[in-house]
Each structure stands twice: as C-alpha cells, then as structure tokens.
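K.L.:
I would like to see how this sequence folds:
(chains A and B)
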Amino acid sequence: MARYGMAIDTRRCVGCNACTIACKQMNNLPNGIMWTRVLTDGGDAPDTPANVNGALTMSFYAMGCQHCENPACTKVCPVGATYKDPETGVVRQDYDKCIGCRMCMAACPYTGVRSFNWEEPKYQLDFATGDADAPAHQKHVVEKCTFCYQRISKGETPACMDLCPARARYWGDLDDPTSEVAKKIASREYVHLLPEMGTEPNCYYLV
Amino acid sequence: MTKAKSSQGGLTRRGFLKTTAAVAGATAVVGSASLTALAAGEEAADAAAEQVFHSGCRGNCGSKCHQKVVVRDGKVVQVSAMDYPEGDEGWRRLCVKGYTQPQRQYDPDRVKYPMRRVEGTERGAGQWERITWEEAIGMIAQNMGTALATYGPTSLAVMSSYASYGVLHGAMGGYMSFAYGRFLTGLGATVFGACADVAQIQVQMMALGHNGNSYDDVVNAKTVVAWGGRPDEAAVHSWHFVCDARENGTKLITIDPQYSPCAAHSDWYRPIRPGTDGALMLGMINYIEQNGLVDEEYMSGLTQAPFLVAEGGAFLRMSAFGVEPTPGPINPMTGAPTVIDPVLVYDEADGTVKPLDEAAQPAIRGEYVAADGKAYKTCYQECLSHIGEYTLERASEITGIAVEDIAKLAEIYAQGGVFNLGYQGLGHHVNSHHNYKNLALLHAQTGNYGRPGTAIVQNTSPFTGISNYIPFFYGVTGPSIPNMSLPEVVATGKWGATDVNLQVLWVCNGNPLCCESGRLEMIEAFKKVPFVVTADVSMTDTAMYSDLVLPVPHIYEIEDYDSGCPTPYLMYFQKCVDPLYESKADLDIMRMVASALGLDALYDNGASDADFIRKIVEGDTTAMLGVTYEKLASGDMVRSPLSPVSHVEMVVGPTESARMKFYLEYPTPRANYGQAVADYEHYPYYTNPAEAYWDNPLRKEYPLLGCSEHHKYHVHSQTAFTPWLRELEPEPVLKINAQDAADRGISQGDYVRAFNERGDVVLRALVTDGIMQGAVGIPHGFREDQYVSGHAQNLTSRVMDDFIHNSAFYDFLCQVEKYEGSVK
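P.N.:
Numbers count the residues shown, from 1 in each chain, chains lettered A, B, ... in the order given. So this is what the prediction gives:
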C-alpha cells in the first residue's frame, strides 16, 4: 500500500518541457496529446510575463493529472473506468471499460489534463516509442497521466521524474515520511491547484 | 464501440512478483527465493528483445549529453539520460531536445539517397533527381579532378559550422576530423569556417586565456549574474546548480533585453539595449576606480595591471635594455622552449622600475620613468586613459539603464563572489569582441576570477578529454577563411594574396544558409560557385541551394568519439542501429571520393574506423592514459583520466604567465591577411554596433533593434521539423514589445512582416512585455519553408569587424508592420 504523490518546485522550474516530452516518448503519446505540460502563469501566451504596473512576473506550473485524494472524476464515471487504485493511490483510467462519455473530463476541475481520442490515434513514427509495456492508445476513450503505472509497478519512477534538468520534481509515497516528496512537503511552503474544489490533490507545488 | 485489447499497464505478474518478493524478503524467508528466481527469468526474456546503447547528442549546444538509447525490433524507441556514478550526479544531463532524438532520426525531412539538382533548373528551385552513390561519386570526382588540374587545390573548399562533432565524421574548426582533416590537408584545399561566437572564442578563450570555474561552483558565489547568457535555456543542464546556490542564499541578477525565465527567477532584473553591454562594463569600471572599490591587492599581485606598456602597445621588457631573453620551460603544446623576457613594473617599495619577480609592491596606476629616461604607464593606467568618457551618465545614455542601477551593480561586483553566466548575448554584434576585454578588466578590478564562486564567464567544458589533433593532418593546410567572407572570395578569386578560384564547395556539419547571418548575400555567392555539394542528415536550407545532396546518418547509426568534455566522462558514441536508407557516414563518403581521385593513402589505405579512434586515444601522446578503444566501445561510462576531479577552478598566480589578463599585448586578427590592427584592439574599448544602435539615423526608417536567443527548443536548425517540438512551438514567431505592437496596430497572434534594406520575413507576432521596447527578437533555427515568406536571416547583415570576423546576428535594424497578405 502506498499513496504516491509528486511535488514540483516552482522556484526551480523554468518551463523547459523536458518532462512533457519524456512523458510523450515513454508513453508513446499520439500526435497532439500531452499528459503533462507546462503552463505559464504570466501573460496571454506561453513563456510571456504578466505586466502589473510595469512589474513583470512569470512562473511555470508543470501540470498533469493531480491524482487527487478526493477525485471529482471517479464520482461521475458511470462505468467505473476511472477509479482510485487502492494499492498506489493513483487515479487510473481503464480503457477497456471507458465508454467515451467524457463525464470525467467535465467533472475534473483541472482543464486539459485529460484528452479524448475522437479518432484512431495517429503518430509521427510508425512504431511505438517508450516502454514496451506502456498501454496502447485507443479510439473513443479518455486518457491522461497514469503516473507511468507500467514503470512504478516495476519499482521505477514516472518518466517525468527520470531527469528534470532543474531537479524540480520530487516523487514518492506521501505516507512514507522518509520519501523525497514527503520530506519536501514537510520542509517547504506549498500550494495546491484549485484547493477550493475540495479534490485534495496529491501534486504539490513548492513556492 | 470497438476496442483493441490493451494491456492496462497494471501491476504485471512480474511486477507483482517483484513487489511480493521484496516484502517477503523483508519479513520472511519462506518462498522468497523461488519468487525472485521466477521474476528474474521473465526479465531476462524481456531484455533479449531490447538492447541498450550508450550514445549522445552531437548537435552543438555544447552540452554533450550522454544518452541511454534503447533499441527494440531494430528501431530506436527510447532515449534517456545516462546514469552518472555517485558523486557526479550533478553532471547527469538531457533536455527536451535530447528526448526528441528518435523523431529526429526518423524525421520525414531526412535525406534518404543521393540527389542531384535536375539539369536546367535553378539552384534553390527544389527540383531533385535521385541518383546512385556511384553516379554521385562520379560527379564529385569529375568536378574535383578538373578543378585540381585547372586551378589547383585551393579551388576545392569544405565549409562547415557548428552542427556536429566527432573525430571520425565531425568538422570542428573545419579540420578536426579524419573525414575532412585528412582530405583538406592532404590536398591543401581551402577551409571555410564558422563565424558565430568567434568574438568570445578568439578574445576571451584564446587571447586572454580565460575560462571559468565549472558550473557547480556557483554554489560558492555571493551573486550570480546572468549577463549575456541564459542558464535556464541555453545551458539548462546547469540551471539546477543556480537553483542550489539560490537555496543557499546566493543572489541572482539578470541583465538581458528579454525577460527570460531566468529573469523571472532573479532577485533583480534590468533590461539593456542590445549591443551596449560593453558600455555598461566601462561605466562600472570607471565608477569602481573613482570610488575606491578596486581590490588593490588582487590587481597588483595577480593581474597584468602593473606591467609597464611600451610604445606600440607591447609590454616593456628587459630586452628593451639589452638583456637577452633566456629559454624557459618547454611548451607542451608546441614542444618548443618558451622565451623568458621579464616584464618590468614600478616597485612602490623602493621607487624603481624593475622586473616583476623582483618587485615587492608593483604599482598599478601612474606613469614611471625607466632607465632610458622615458615615461611608461602601467597597463591599468593605460586602459583607464582610453575609457574615461564612459562615465555612469554616458553608460546610462547608451545602455538605457539608470545611473543609480549601474552604480549598484558596480557595488555588487566590488563585494566579490560574482559568478557571471555570460555567453553569446555578449557576442553577436560587430563590436562584441571588446566586451570580453571589458568584462575581464571589471572582474580584475574586483577580484572576481581565480577564486571560489567567481567567473568572468562560466566554463561550459571545464573537463579535459583525450584529444590528439596530429592524426587529422596529412600534409599542408590551405587557406582558412571565415564562412561569411565567401562573397568576397567568389567575387575576387583571392583571399589576401592567395588565389582561391573556387570551383567545388563541399558543405558538411552545418547549415550556413539558415544559421549564418547575411543569408541573401550568401545565397548569391553560393549560386556563383560552379559545383556545390551538401552532405547532411536532413534537407537543409543549404542543401536546397546545392547541386548534389548526400545523405549522412544520424548519430545513432554510426560510431564516433568526441574529445570535448563538458562532464568528466569521455564522449564515445556507440552505433545503435544500421544507417537508415542509403545514408553513408562522412568518413565513408570521403574514403570513396579519395579513392575515385586515386588518393586512398589519405585514409591509410583501408584503415578502419576503430583504427582511427585508436590513433586519438591510444596514440603516441595518449596511450599512457590507459583508455583503450575497447574500453570506450564497451559502452561503459569512462571517466577521463585527465579529469580526476568533479569540480574545476581557475587559478591565478603572481608570475607573469599566471596573472589574469585583460589587455592584449599582441592582438592578432582571427583571419590574418595583412590587415592593419587598430591600437584599441589592445585595451578595453567600446564602439557602437555597426547598425543596431540607438542614435543611428537609420532608425527613422528602421526603428527596431534586432536580437534573438538560444531558444530552448532549438539547436541551430537541427530540430526545425521535430514534430514533438513543433507541438510545443508550432511556428516561428517574432517577439515584439506590447507597446511597439500597439503602435503598429499589431495584436497577439497577428502575422507581421519584418523588413529592412536587406530583406524581409513574414511570420506570426508574439506580443509580449518580455522584450524591451525598441527591440525585436527573431527566431533562430527555423528553415525557409516554415516562414510565410522570407527568412529571419534575410534581415541580418554580413558585416564583420575585420579583426575578428565574428557573425553579428543581432546587429541589425528593422521595421515591423502588420501583414495583410494571405497565409496558407
């Protein structure tokens, strides 16, 4: 039993998107799909600052499924395709059960972390990249970050954790006080995204 | 609905067993052995289907990331960072571009087979005909043979840039590989070399001999200044060291016309007008001198400051008084003895002029009469005497930075512990090479060099690999010419006094018609060369203007070794898969060309690639280091025996040669063809950029100052079409300040035309407060057909300072207007 979670240090993240592409590669994500991506908290376009009376500010939030403790998505799924894995705390999506109703997408307050394959997924390469045991993508199902379930079940870390150039990501079992992530949360100030939604995310943003 | 049967990536049986085994092992012995054995058996079966290789990125962002490359069913399916041994984890690296390499390898844009321009079509028209390798080599041999017989070896030229490195197939400095070095020097052919970054390479690294402490040393700094460099983008592998430093209390300052992520993380950010950094440095230098902030002990004891300067700019030495120089220790680079001709200083202890090593208290300021009755200034005094006009006020007028901010920055420098992360933001204007002397004097005055937590510019390659350039050379070296001088050479048939009647131009390891400045003039020059060959992985802008295009493999398809060493481990590239399509490695192509010309001896009559790598790492001067070809080829991480430590610091000392330099005793042009050398090449100096300066009357027509950036998604033009990167950044954009955009009726996402007298480009606008008013940022690395029309490099100029021949990518003015035409 574990409760996996992640902390991302916004004082380190520079929005380089290495995590975004590591994820795409390791999970063989179809064209146009990103399970994690970097949002700019700043101006009206990525990588631009906000200007408040001449003071410029810009920060980055690497964002995927928040793997909430109290997920909104699981409550609305009519077929139990999205569910919280009791072994790991990971919010999972069972492609074989998913009927493509997209209720989970509507219920999730974190817009954009889920995507729906309207068509047969397309790829730039004619072979699958990444982990041999990464789940195959399907038409008419919702998908999202799995915390790289195929990797964590082998005792490895999610792909985005493999090497964050800024060393801004921390991962582990939130219930284990000796885990990297638990230690960071204990020692640093953090925020949750949209805490008012009551979802209790297991992704923490160190500020 | 129909669904494919999917593996859910759940706890697989194997994973479950491993988990169970671990738990069992911790709590009870019973059963654990059999479970573990079963799990291991399944893993072995999986491992057979996948092979892991050790390769890397060879594109020149300079970071040389060691990569773990997984091959499944004959295809590269996975790239990740190689693990580094304990203690060196900080050097482990890979960025967003590295992760996309499988896509670059299988890029639809790859050149798949030899192609020749369809006869009767114009260069650049894009009409190609597939031919065989035999036909291609036949065309090359015929053109080369005729040129050699008619005009001699200088009529053949190889042009390269900063695309790829490697002792077999690369082209560092034009010559530095077996493929091209053997061919060029075997014939005495002409070399065209990159102009980008030469200001820094030539002045800072070579003439002044400065490099920085290794990046991890920022944790010892009081203040990190990102000035002309982007640790968050261009050197993202080192950004985590900056983060560590900040967590340790180090302050971060950014000086940049653009508000970068690094600026966003900074404690203090000041925008500066592009190309004026040198004036800021001189303003700070004068302020430091006039306000008693000079580290007097450091300047007197550890820098050139006290050396007396003789007429003509060289130092006053004992030989001027009839004392014959004596031979010194052997120079390991040349094998020849050095010459000792002691430099003279004024000793304040007894008021006499004497050799440096006899002086107790060398004076750094003033003018002193020597035994010949003539007065000589100290080197520092000489420098100060030329830069007096750059007061805080003048520096402020030029740079656009407030007087009090310049003073504040100078005060911070004077407190010591300043680690500067500067790079080509200081290096892309016609006036740029002076910046490195100015910055050196600023760091000399304040003791910010040769101590922990200090650097003039960070060292991007602090470790020492095993290198040996001798085996690349076969005979004589021909003329060595800056790439951007091609138009003059084509027009005159000369380089200095040498005849260069160019008949065959061979482009490799670079895409100069995309990545050098002054593109339109370069294209015209290309069109005048009778036969142009481009060997490349993908169909570059330069390939488009060639007669013959040859496919070369991606790095995963060949082996090579690169002696550059940004981390303590030797960069050997294992071959992971066979070359795709009909591609052939550069060295194999050159072997075939040489053979067709009857010159097999150039490549040692059939020596193998392994034989050549052995000549580097197991040569006469390197064999004793104990690194064998077999050791490299094993794929292990092999630590350079020349870099036993994981941290490097520069050292300064009191002897003449160990002192920190900011003055060039004998300034030597990068490409010497007998041109005059101005006095100011000796000392710190500022002059306006050639075109992009605030007071230029041309700003009435073209008001916006150019600049660009080393963007996180680009390594020159290599990732131009990489699909995953284009999902993140679909098309090139022009960064324009929000006010400048509003003044022109331009809104976010509009298409705009940027133009000047040289040319234009149409692309989407990125309207942002993240670039200072009056400046625009053009993209670097997109290719011609990715713009609506034109090319960003059509705006740039080929103008170079003839002392340094440095590309001046940012030294241009332009106007921007909303584009009203149609966009496909």
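K.L.:
Leaving out sequence neighbours, find the closest residue to residue B:169.
P.N.:
Residue nearest to residue B:169 in three dimensions, not counting chain neighbours: residue B:586, with 3.8 Å by Cβ to Cβ, 6 or more residues apart in numbering or on different chains. Yep, even glycine has a C-beta here, placed from its N, CA and C like the rest.
K.L.:
Quick check: residue B:225 is in a strand.
P.N.:
Yes: Residue B:225: assigned to a strand according to DSSP: H, G, I helix; E, B strand; the rest coil.
K.L.:
Could you report the neighbour count for residue 149?
P.N.:
Let's take chain A. For residue A:149, the neighbour count with other Cβ atoms under 10 Å in any protein chain shown is 26.
K.L.:
Wait, chain B was what I had in mind.
P.N.:
Residue B:149, neighbours per other Cβ under 10 Å, totals 9.
K.L.:
Now the element after whichever helix or strand it is part of, going C-ward?
P.N.:
Counting by DSSP states H and E, the element that carries residue B:149 is helix B:133-151. Counting by DSSP H and E, the next helix or strand C-terminal to helix B:133-151 is strand B:156-159.
K.L.:
what's the most centrally placed residue in chain A in contact with, if anything?
P.N.:
Residue closest to the average C-alpha location in chain A (Cα atoms, centre = their mean): residue A:64, at 2.4 Å. Residues near residue A:64 by Cβ atoms under 8 Å, 6 or more residues apart in numbering or on different chains: A:23, A:35, A:36, A:37, A:113, A:144, A:145, A:160, A:203.
K.L.:
Return the set of buried residues in stretch B:773-788.
P.N.:
For stretch B:773-788, the neighbour count (16 or more other Cβ atoms under 10 Å in any protein chain shown) marks B:774-784, B:786-788 as buried.
K.L.:
can you map out the strands along chain A?
P.N.:
Under the criterion DSSP state E, chain A contains strands at A:4-9, A:37-41, A:50-52, A:55-57, A:59-63, A:82-84, A:91-93, A:115-116, A:142-143, A:169-173, A:190-191, A:203-206.
K.L.:
List the buried residues in the fourth one.
P.N.:
Residues of strand A:55-57 classed as buried under the neighbour-count rule (16+ other Cβ under 10 Å) are residue A:56.
K.L.:
what helices or strands is it leaning on?
P.N.:
The elements that strand A:55-57 packs onto, with contact taken as 3 or more Cβ pairs under 8 Å, 6 or more residues apart in numbering or on different chains; DSSP states H and E, are helix B:261-265.
K.L.:
Wondering if the helix it packs on reaches chain A at all.
P.N.:
Yes: Helix B:261-265 reaches chain A (Cβ under 8 Å from any Cβ of the partner chain) through B:261, B:262, B:263, B:264, B:265.
K.L.:
Return the distance of the very next helix or strand once past that helix from the chain's centre.
P.N.:
Per DSSP H and E, the first helix or strand lying C-terminal to helix B:261-265 is strand B:268-270. Computed by Cα atoms, centre = their mean, to the nearest Å, the chain-centroid distance of strand B:268-270 equals 26 Å.
K.L.:
Mean confidence (pLDDT) on the helix or strand that strand B:268-270 is followed by, please.
P.N.:
Where DSSP H and E defines the elements, the next helix or strand beyond strand B:268-270 is helix B:277-290. Mean pLDDT, helix B:277-290: 98.
K.L.:
which strands and helices sit next to helix B:277-290?
P.N.:
Under the contact definition 3+ Cβ pairs under 8 Å, 6+ apart, helix B:277-290 sits against helix B:379-387, helix B:392-399, helix B:403-414, helix B:433-445.
K.L.:
at 10 Å instead, please
P.N.:
strand B:223-227, helix B:379-387, helix B:392-399, helix B:403-414, helix B:433-445 (3 or more Cβ pairs under 10 Å, 6 or more residues apart in numbering or on different chains; DSSP states H and E).
K.L.:
Pull out the buried residues from that helix.
P.N.:
Applying 16+ other Cβ under 10 Å to helix B:277-290 flags B:277-289 as buried.
K.L.:
which of these lies closest to residue B:802?
P.N.:
The nearest member of those to residue B:802, counting by Cβ to Cβ, is residue B:278 at 18.3 Å.
K.L.:
I figured the closest one was touching residue B:687, is that so?
P.N.:
Yes: look at residue B:278 against residue B:687 with Cβ atoms under 10 Å: they come within range, at 8.1 Å.
K.L.:
Find residues that contact each of these two.
P.N.:
Shared contacts of residue B:278 and residue B:687 (Cβ atoms under 10 Å, 6 or more residues apart in numbering or on different chains): B:429, B:431, B:434.
K.L.:
By neighbours, which of these wins?
P.N.:
With neighbours taken as other Cβ under 10 Å, the top of the shared contacts of residue B:278 and residue B:687 is residue B:429, carrying 33 neighbours.
K.L.:
could you pull out the helices for chain A?
P.N.:
Applying DSSP state H to chain A gives helices spanning A:18-26, A:72-76, A:103-107, A:149-152, A:159-162, A:180-187.
K.L.:
So is the longest one next to chain B?
P.N.:
Yes: residues of helix A:18-26 contacting chain B under Cβ under 10 Å from any Cβ of the partner chain: A:18, A:19, A:20, A:21, A:22, A:23, A:24, A:25, A:26.
K.L.:
Quick check: mean pLDDT of stretch A:169-183?
P.N.:
The average pLDDT within stretch A:169-183 is 97.
K.L.:
buried set for it?
P.N.:
A:169, A:170, A:171, A:172, A:173, A:174, A:179, A:180, A:181, A:182.
K.L.:
The closest residue in space to the fifth one that isn't next to it in sequence - how many residues pack around it?
P.N.:
Going back to what we said before, that points to residue A:173. Counting by Cβ to Cβ, 6+ apart, residue A:2 is the residue found nearest to residue A:173 once chain neighbours are left out, at 4.3 Å. Residues lying near residue A:2 (other Cβ under 10 Å) number 16.
K.L.:
The helix holding residue B:149 packs against which elements?
P.N.:
Using 3+ Cβ pairs under 10 Å, 6+ apart, the elements in contact with helix B:133-151 are strand B:115-117, strand B:156-159, strand B:504-508, strand B:531-536, strand B:548-551, helix B:586-596.
K.L.:
Of all those, which one is nearest residue A:123?
P.N.:
Taking the helices and strands packed on helix B:133-151 one by one with Cβ to Cβ, strand B:548-551 is closest: 23.6 Å.
K.L.:
what is the rounded mean pLDDT of the next helix or strand along the chain from that closest one?
P.N.:
Using DSSP H and E, the helix or strand that follows strand B:548-551 towards the C-terminus is strand B:560-562. The pLDDT scores in strand B:560-562 average 97.
K.L.:
Paired strands for strand B:560-562, with orientation please.
P.N.:
Strand B:560-562 pairs in its sheet with strand B:571-573 (antiparallel), by DSSP bridges.
K.L.:
Now do the partner strand: everything it contacts.
P.N.:
With contact meaning Cβ under 10 Å, 6+ apart, strand B:571-573 is reached by B:53-58, B:64-67, B:69, B:165-166, B:168-169, B:465, B:555-565, B:613, B:617, B:627, B:629, B:631-638, B:640.
K.L.:
Now list the buried members of those residues.
P.N.:
By 16+ other Cβ under 10 Å, the contacts of strand B:571-573 give B:53-58, B:64-67, B:69, B:165-166, B:168-169, B:465, B:555-565, B:613, B:617, B:627, B:629, B:632-633, B:635, B:637-638, B:640 as buried.
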